[in-house]
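Q: structure for this input, please:
(one chain, ligands or ions: 1)
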Amino acid sequence: MLPEQEQVNRLAETRRFLVGKTNLMPEIGIILGSGLGGFASLIDEKTVIPYKEIPHFPISTVEGHAGQLVFGKVSGKSVVAMQGRFHYYEGYNMQEVTYPVRVMQVLGATGLIVTNASGGINPAYRPGDLVLIRDHINLMGENPLRGANLSSLGPRFPDLSEAYDLEWRQKVLPLAQELGITPQEGIYAALSGPSYESPAEIRYLRTIGADLVGMSTVPEVIVANHGGMRVLGISCVTNMAAGILPQKLSHAEVIETTERIEKLFVRFMQALLRVL
Ligand code: HPA
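A: This is a model prediction of the structure:
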């Protein structure tokens, strides 16, 4: 783990590089989950910067992943979107997974929209549902804030009692209805992956109050809260979690569902950016 001063210096260098590439300072950061990267095509006045050009960004390991930051405007708001995120299961450490959120913070973003693909545990859900995340359960076995506290960015012991901003959720839920999306909120449990869960693990998650399960999001949300950013979380239920239905899970189903839902997801994002 890098000492505090080194981390702060790196962030300042990354910031300097990005500020030299675009005049547009983002109000809101967006993390586009697996299969949901198509939203970036909607961004106007784009500046696209591949991760591999950005000083101190983690090196992308996955082939075929876009892996770029897209700065621009959507619904009148200045945004920066991550097309492709860094997953813990790929082998990145928690500091690497959350580095882009820190970068968004030092660029001046005061809000973060995180999106992901998840397995549905709540039996009321269906593959293709978009669910607002109300709260999370961190079962990844690690916390991204472990180690020296970056005191210039946030407190040692940040409060997570409203990790997903209530006011934002209250603004966004009615929009879902207008778009014909069943307005739903749920609790997202994060595990490290990359194997999907066993049916016994899903029964356990259901018992402890989880509605959704996935392998991302929670580290970024913890770091955003540390930095005082408001957070909105949107999960696309791509499949029912293991053992909920008498069928096996496959990555192909996850991809199929995100492809099917993408247009609606994009319209939802467009609409909610207007009201946030
Ligand atoms: N489990 C964990 N992560 C996921 C799932 C799942 O069922 N579906 C999409 N991401």
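
Q: interface residues of the stretch 101-250 of the chain facing the ligand?
A: Proximity of the stretch 101-250 of the chain to the ligand, by CB under 6 Å from any ligand atom, involves residues A117, S118, G119, Y196, E197, V213, G214, M215, T238, N239, A241, L249. Heads up, the C-betas are built off the backbone N, CA and C, glycines and all.

Q: what strand or helix carries Y99?
A: Applying DSSP states H and E as the criterion places Y99 in helix 94-106.

Q: contacts only, for whichever residue of the stretch 151-276 of the chain sits closest to the ligand.
A: The shortest separation between the stretch 151-276 of the chain and the ligand is 4.2 Å, found at G214 (distances taken as CB to the nearest ligand atom). Contacts of G214 were listed using CB atoms under 8 Å, 6 or more residues apart in numbering, and they are N116, A117, S118, G119, Y188, A189, A190, L191, S235.

Q: swap in I222?
A: Taking CB under 8 Å, 6+ apart as the criterion, I222 is in contact with T98, N138, N143, P144, L145, P158, L160, A163.

Q: change it to 7 Å
A: The contact partners of I222, taken as CB atoms under 7 Å, 6 or more residues apart in numbering, are N143, P144, L145.

Q: related to what we said a few turns ago, what is the residue of the stretch 151-276 of the chain closest to the ligand paired to in the beta sheet?
A: G214 forms beta bridges with A190, as assigned by DSSP bridges.

Q: from the contacts of G214, pick the one nearest I181.
A: Compare each of the contacts of G214 with I181 using CB to CB and the shortest gap goes to S235, at 12.3 Å.

Q: count of neighbours near the closest one?
A: S235 is flanked by 28 other residues according to other CB atoms under 10 Å.

Q: which residues touch it?
A: In this structure, S235 makes contact with N116, S118, V131, I133, Y188, L212, G214, judged by CB under 7 Å, 6+ apart.

Q: hmm, back to that, need the contacts of G214 in a markdown table with pLDDT, can you?
A: As requested, the contacts of G214 are arranged in a markdown table below (pLDDT from 0 to 100):
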| residue | pLDDT |
| --- | --- |
| N116 | 95 |
| A117 | 94 |
| S118 | 96 |
| G119 | 97 |
| Y188 | 98 |
| A189 | 98 |
| A190 | 98 |
| L191 | 98 |
| S235 | 97 |
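
Q: residue in this protein nearest to the ligand?
A: Relative to the ligand, the nearest point of the chain is G119 (2.2 Å; CB to the nearest ligand atom).

Q: that residue: how many residues sit nearby?
A: G119 is surrounded by 26 other residues when neighbours are defined as other CB under 10 Å.

Q: now do the contacts for the closest residue to it other than its chain neighbours.
A: Taking CB to CB, 6 or more residues apart in numbering as the measure, G119 lies nearest to A241, with 3.6 Å between them; neighbours along the chain are not counted. With contacts defined as CB under 7 Å, 6+ apart, the neighbours of A241 are G119, G120, I121, E197, I202, V213.

Q: E45: neighbour count?
A: E45 has 12 neighbouring residues, counting by other CB under 10 Å.

Q: given the helix or strand it falls within, what are its sheet partners and their directions?
A: When secondary structure is defined by DSSP H and E, E45 falls within strand 44-50. When pairs are called by DSSP bridges, strand 44-50 turns out to pair with strand 68-74 (antiparallel).

Q: right, and L179 touches M269 too?
A: No - with contact taken as CB atoms under 7 Å, L179 and M269 are classed as non-touching, separated by 10.5 Å.

Q: higher neighbour count, the two?
A: More neighbours surround M269 than the other of L179 and M269, with 23 against 14 (other CB under 10 Å).

Q: please tell me how far that one sits from L150.
A: Here the distance between M269 and L150 works out to 30 Å (CB to CB, to the nearest Å).

Q: do T47 as well
A: From T47 across to L150, the span is 27 Å (CB to CB).

Q: kindly report the same for P219.
A: For P219, the distance to L150 equals 15 Å [CB to CB].

Q: between these two, who's got more neighbours?
A: For P219 versus L150, neighbours defined as other CB under 10 Å are more numerous around P219 (26 against 19).

Q: can you give me the helices for the stretch 101-250 of the chain?
A: 166-178, 199-207, 218-226 (DSSP state H, counting those that start in this stretch).
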